[in-house]
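Engineer: Generate a structure from the sequence data that follows.
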Amino acid sequence: MKITAVTATPLGSPLQEQLRWGAMAVGVKGGIVVQVETDEGVTGIGEAGFSAEYFPTVGPIINNQLGPMICGTDPLDIAALWQRMLDATHMWGRRGIETYALSGIDIALWDLLGKVSGQPVYRLLGAAKQRVRAYFAPSLKPVEEIVAEATAAVGSGYTALKLRVDGDLDKAVHLVGSVRDAVGDRADLMVDANMSYDRRGALNLARELESLKVSWLEEPILSRSVTQYVDDHSWLADRVGIALAGGESLLTRYEYIDLLRRRTFDILQPDCTSVGGISEAKRVADMASTWNLTCVPHIACSSGTGVALAAGLHMILACQNAPLIEVDAYGGPGWDGLLVDPLVVKDGYVEVQDRPGLGVELAPDAHVRFRVDK
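Structural biologist: Purely as a prediction, here's the structure:
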């Protein structure tokens with residue numbers, strides 16, 4: 001079997017109202033879908049990066065550089081192809097959008113391997129479980145709207161919620177307190193501050209959230225380098241009792257070394273679509289387990305194709321130390337016809353669809369109906 005083509009396409013659907021995810025706002029729900037085709041007619045699908053917005057930079061790397069480089073090779077040699085693609089970026093990045101591109105191809109290769117072998121990806125990785133508890137993650141909105149969404153989510157079976165907050169301490173505490181009052185002890189609460197605070201502001205926020213029984217606070221401190229990211233969050237970890245989570249923007253396992261050595265975070269959050277694919281996310285999760293740390297992979301809510309969710313699910317199901325999955329609160333094209341049979345949350349859990357590969361397929365007309373001009 002040989003790879004005959006690797007293509008990336010921005011697929012999505014426009015939103016009537018922008019969704020805010022911390023510093024990022026999106027008007028299109030979707031992602032960069034990657035397809036790896038073979039001479040035996042089997043095609044693997046993946047997703048690269050957090051959003052279709054990145055296609056002008058990530059897409060050409062896949063379509064014009066990394067993709068053509070692996071055409072003619074055996075797609076089942078995933079580890080060798082991963083290293084070959086990483087090595088090819090040595091002179092022009094290795095820790096940026098090229099890793100997004102590598103990630104999308106890697107996910108598609110795992111999907112292809114599953115299809116060829118007749119096994120779901122999580123079994124190929126070493127199955128640990130068949131379902132995982134989901135958490136509902138609403139976007140930044142007025143407090144009353146978030147309270148209504150959170151209450152409805154708990155009523156539908158969710159037992160965990162992650163709230164976004166900005167750099168206004170009083171507003172953040174009001175939001176979290178309002179949701180806690182509305183849902184009581186029926187749900188665990190987590191808070192994502194999206195690097196909105198300096199060190200002292202993050203310290204004040206963390207202490208307020210402890211009294212509201214928040215399970216974790218996600219990367220609250222603005223950081224411009226990995227060194228600053230590790231140092232400042234380690235400083236915070238030494239001063240509060242609340243668990244800290246982070247790592248969603250780190251690329252490849254090598255950027256996690258100091259973070260692990262310093263025990264900066266209690267929960268690591270690699271993203272399959274950016275850290276280096278399923279291959280590298282699993283390596284990060286295994287590294288975390290050696291330090292007795294939890295791994296809850298980031299799954300970008302600015303995306304919504306459903307392919308990234310499937311990739312994250314299969315990786316999580318192969319990890320004993322991964323107890324939760326992030327679920328986009330607002331669906332997207334994957335649930336509007338882009339995918340034939342997308343994943344769903346049932347009674348607060350996402351359960352694997354025990355089909356070969358990732359278990360999701362693009363609809364025959366997906367490229368026509370959902371193509372985004374970028």
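Engineer: any idea where the strands of the stretch 1-150 of the chain begin and end?
Structural biologist: 3-21, 24-38, 43-48, 131-137 (DSSP state E, counting those that start in this stretch).
Engineer: and of these, who's closest to Arg95?
Structural biologist: strand 43-48 (15.4 Å; Cβ to Cβ). Glycine gets a C-beta too; all of them are placed from N, C-alpha and C.
Engineer: and Asp232, that one's in a helix?
Structural biologist: Yes: using DSSP: H, G, I helix; E, B strand; the rest coil, the assignment for Asp232 is a helix.
Engineer: Chain neighbours aside, what residue packs nearest to it?
Structural biologist: Excluding the flanking residues, the one nearest Asp232 by Cβ to Cβ, 6 or more residues apart in numbering is Ile221, at 4.5 Å.
Engineer: hey, what's that neighbour bridged with?
Structural biologist: Beta-bridge pairing for Ile221 (DSSP bridges): Tyr197.
Engineer: highest average neighbour count across the strands of the stretch 1-150 of the chain?
Structural biologist: Each of these was scored by mean neighbour count; the highest is strand 43-48, a mean of 28, by mean count of other Cβ atoms under 10 Å.
Engineer: That one to strand 3-21, inter-axis angle?
Structural biologist: 30 degrees (axes from the mean of the first three to the mean of the last three Cα atoms, to 10 degrees).
Engineer: Strand 43-48 vs strand 24-38, what angle?
Structural biologist: Going by the same axes, to 10 degrees, strand 43-48 makes 160 degrees with strand 24-38.
Engineer: quick one: average confidence on strand 43-48?
Structural biologist: Mean per-residue pLDDT for strand 43-48: 98.
Engineer: do the same with stretch 327-344
Structural biologist: Per-residue scores along stretch 327-344 average to 89.
Engineer: So what touches it?
Structural biologist: With contacts defined as Cβ atoms under 8 Å, 6 or more residues apart in numbering, stretch 327-344 is touched by 11-13, 19, 29-30, 134-139, 149, 153, 299, 301, 303-307, 309-310, 313, 345, 350, 353, 359-363, 366, 369-370.
Engineer: can you check stretch 349-359 too?
Structural biologist: 44-45, 107, 110-115, 117-122, 130-134, 307, 309-311, 313-314, 317, 325, 327, 341, 343-344, 360.
Engineer: Hmm, Asp231 and the residue nearest to Asp232 touching each other?
Structural biologist: No: at 9.5 Å, Ile221 and Asp231 do not qualify as touching, with contact defined as Cβ atoms under 8 Å.
Engineer: which one of the two has more residues nearby?
Structural biologist: Neighbour count, other Cβ atoms under 10 Å: between Ile221 and Asp231, Ile221 has more, with 24 against 17.
Engineer: residues contacting the residue nearest to Ala25 when sequence neighbours are not counted?
Structural biologist: Sequence neighbours aside, Gln18 is the residue nearest to Ala25 in space, at 4.8 Å (criterion: Cβ to Cβ, 6+ apart). Gln18 makes contacts with 25-27, as judged by Cβ under 8 Å, 6+ apart.
Engineer: Let me know the closest of the residues you listed to Cys71.
Structural biologist: Val26 (32.2 Å).
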